[in-house]
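Novice: Requesting a structural model of the entry that follows:
(2 chains)
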Amino acid sequence: DPKIIQKPKYLVAVTGSEKILICEQYLGHNAMYWYRQSAKKPLEFMFSYSYQKLMDNQTASSRFQPQSSKKNHLDLQITALKPDDSATYFCASSGTGGNYAEQFFGPGTRLTVL
Amino acid sequence: LAKTTQPPSMEAYEGQEVNVSCSHTNIATSEYIYWYRQVPHQGPQFIIQGYKDYVVNEVASLFISADRKLSTLSLPWVSLRDAAVYYCIVTDKGNAGAKLTFGGGTRLTVRP
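Specialist: The predicted structure is shown next:
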C-alpha cells in the first residue's frame, strides 16, 4: 500500500486558474513538505510543516498556499496559475525517531499550465 | 549551509561496483551526510546517511573521510534498476521541518 498519496497524478490547467494538489501520508510522521521539480532543474524546496504549523517557506510567491486540515494532510493550493508553474510537485514527510532529514517522498503530481 | 560538489555523470556496466564521490568542504559539526536517488518519474528515495567513518546498510555503503569533507557512496553489483540521479545532501537531521537542498546530482547510467 502506498504510504504517501498524491492526487491527482497528472493535472492540466489553464493560465489564471486555481488548482489544489492533494497529499496524504500514512507513515505517522509529524513533518510534511512540498518540493517542486521543473524540467531539467534540481528539486526545489517550497514549504515545511511540523505538527500542522508552517516551519519554513522558501516560495517567493503568495500564489502558493499550503493547507493542513489534518496532521497527515498537506495540500497545496496554487492560484493565478502561470505557464512557469508547470512542474512536478512532490510531497514528502519525515519524523521517524527525530530524523527529519530522512524524508519519504510521494510519487508527485505533474502539473502542466497552458 | 554546506555546499556539495558531485560529478555530473558516471557510467558503469551491470555487476560493477560504483563509487560516487561528494565534496562538502564547509560541512558544519552539526550536519550529517545524506544520499538520495531519483529514478525518472518518481520522487527521491533515501539511501543512506552518516556522520563519520563508515556506514553500511542493505543497499549501499558510505565512507566519510576523517575530516568529513569528502564522502563516497558505494553501490555494489549495480543493475539496470540502479540507473538514477544520485544526490548528496548535508544537513542537520534533528531540525523539524528541515529542508533538503538538492543540487544537480550525479546521473548514473548503467549499461547491460
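Novice: Spell out which parts of chain A neighbour chain B.
Specialist: A:30-31, A:33, A:35, A:42-45, A:48-50, A:55-56, A:58, A:90, A:92, A:95, A:98-108 (CB under 8 Å from any CB of the partner chain). Glycine gets a C-beta too; all of them are placed from N, C-alpha and C.
Novice: repeat that for 6 Å
Specialist: Contact residues, chain A versus chain B (CB under 6 Å from any CB of the partner chain): A:31, A:42-43, A:45, A:48, A:50, A:55-56, A:90, A:98-102, A:105-106, A:108.
Novice: Would you list the buried entries among the residues you listed?
Specialist: Among these, those classed as buried by 16 or more other CB atoms under 10 Å in any protein chain shown are A:31, A:43, A:45, A:48, A:50, A:55-56, A:90, A:99-102, A:105-106, A:108.
Novice: how about the strands in chain A?
Specialist: Here chain A has its strands, by DSSP state E, at A:4-7, A:10-13, A:19-25, A:31-37, A:44-50, A:53-57, A:64-67, A:75-78, A:87-94, A:104-105, A:109-113.
Novice: Now do the fourth one: distance to the chain's middle.
Specialist: Its chain's C-alpha centre lies 4 Å from the corresponding centre of strand A:31-37 when counted by CA atoms, centre = their mean, to the nearest Å.
Novice: wait, doesn't A:Thr79 sit right on A:Ser17?
Specialist: No. If you go by CB atoms under 6 Å, A:Thr79 and A:Ser17 don't touch, sitting 8.5 Å apart.
Novice: Residue numbers of chain B in contact with chain A?
Specialist: B:34, B:43-44, B:46, B:91, B:93-99, B:102-104.
Novice: ok, 10 Å please
Specialist: Applying CB under 10 Å from any CB of the partner chain, we find that chain B lies next to chain A at B:31-34, B:36, B:38, B:41-46, B:48-49, B:85, B:87, B:89-105.
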